[in-house]
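[1] sequence-free structure coming up:
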């Protein structure tokens, strides 16, 4: 198994897109023409010439949500020099069931942490619903901190889960 960075010029890009579709992750990272959305970095796990895992990162400014307390305007967090603080957010993460428990998820997460550091971001963050115990175990083993959170799904119901955050240096 090998972890690789993907883009539309990668020889296995079509296979990567097929994997995203099979795992129902394409809607989060590709437009209607199957092109990558902006500000995303794609990682994939390849075994025997097939993509068996994916992790997509979105570079973003860490922003405090708008509330009455801050004048109803979202506020970016600033570093000591007054520059916006940036993070990598895990947009998608999936390893095909037949390839789980082989270290592929760990390899993808470690590669993502390294890219977060290379890109000069201060942290990597993700959100996971409560029905993903394998992901919880992996993130905790890798030293991520956690913060419980409830998300409102597009269908209108609440989903319990956890934000995972790991600082990179």
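    Okay, I see it. None of the values given here were measured: they were computed from a predicted structure. Numbering: from 1, shown residues only.

[2] Can you name the next helix or strand after the biggest helix by length in the chain?
    Looking across the chain with DSSP state H, the single longest helix is helix 104-118. Where DSSP states H and E defines the elements, the next helix or strand beyond helix 104-118 is strand 123-129.

[3] Could you list the buried residues of the helix or strand immediately after that next one in the chain?
    The C-terminal neighbour of strand 123-129 among helices and strands, as given by DSSP H and E, is helix 133-141. Across helix 133-141, burial judged by 16 or more other CB atoms under 10 Å covers 135-136, 138-139. All C-beta spots, glycine's among them, are computed from the backbone N, C-alpha and C.

[4] Packing partners of the helix or strand that helix 133-141 is followed by?
    Under the assignment DSSP H and E, the closest C-terminal helix or strand after helix 133-141 is strand 145-152. Judged by 3 or more CB pairs under 8 Å, 6 or more residues apart in numbering; DSSP states H and E, the packing partners of strand 145-152 are strand 123-129, helix 133-141, strand 158-167.

[5] Swap in 6 Å and give it another go.
    strand 158-167 (3 or more CB pairs under 6 Å, 6 or more residues apart in numbering; DSSP states H and E).

[6] tell me the angle of the strand it packs on relative to strand 123-129?
    160 degrees (axes from the mean of the first three to the mean of the last three CA atoms, to 10 degrees).
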